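Chemist: Quick one: sequence and predicted model below, then my questions.
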Amino acid sequence: MAVRVLHRGEVWRISGARERLGLVVSSDVYNSTAVPIVIVAEVVETALLRDSPLAVSMGERVVMPDRLSSPMKQWFSECVDVADHEVMRRVDRALRILQQL
């Protein structure tokens, strides 16, 4: 079975405990290792947005940097989008604020 390489900035459909979309926020170096997980921020449809001052708009979807998870790589089924530089810059800023970095 070929090893799937996931890249920072990609939005993937993830199965696992519940189906959801996730924006890969872990580095490409980390993602290319044998570690079986990837760190993602949840992505929801704009209509499902709850009150979050750090939410980042991405077209018809919203990235929720305060909803991080680390699903297994094997649960990633389909790359549905790729975030542009500006979206990733805003996600990075939100993650730094959340972690006081």
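Modeler: Structure's in. What do you need? Treat the numbers as computed from the prediction; the structure is a model and nothing was measured.
Chemist: All the strands of the chain, residue numbers only.
Modeler: In the chain, the strands defined using DSSP state E lie at 10-14, 20-24, 40-45, 56-58, 61-69, 76-82.
Chemist: R4 is nearest to which of those strands?
Modeler: Proximity to R4 (Cβ to Cβ) singles out strand 76-82 among these, at 6.5 Å. Backbone N, C-alpha and C define where each C-beta goes, glycine included.
Chemist: And stretch 16-28, how far out from the chain middle?
Modeler: Between the centre of stretch 16-28 and the centre of its host chain there is 5 Å, according to Cα atoms, centre = their mean, to the nearest Å.
Chemist: got the end-to-end distance for it?
Modeler: Stretch 16-28 stretches 22 Å from its first residue to its last (Cα to Cα, to the nearest Å).
Chemist: Mind checking the pLDDT average for that stretch?
Modeler: Stretch 16-28 comes out with an average pLDDT of 93.
Chemist: May I see the buried residues of it?
Modeler: Across stretch 16-28, burial judged by 16 or more other Cβ atoms under 10 Å covers R20, L21, G22, L23, V24, V25, S26.
Chemist: what sits against D28?
Modeler: By Cβ atoms under 8 Å, 6 or more residues apart in numbering, D28 lies in contact with H7, R8.
Chemist: for the chain, what's the longest helix?
Modeler: Longest helix of the chain, by residue count under DSSP state H: helix 85-99.
Chemist: Return the set of buried residues in it.
Modeler: Within helix 85-99, the residues scored as buried using 16+ other Cβ under 10 Å are V87, M88, R90, V91, A94, L95.
Chemist: ditto for stretch 28-41
Modeler: Buried positions in stretch 28-41, judged by neighbour count with 16+ other Cβ under 10 Å: N31, V38, I39, V40, A41.
Chemist: Right, I'll call it a day here.
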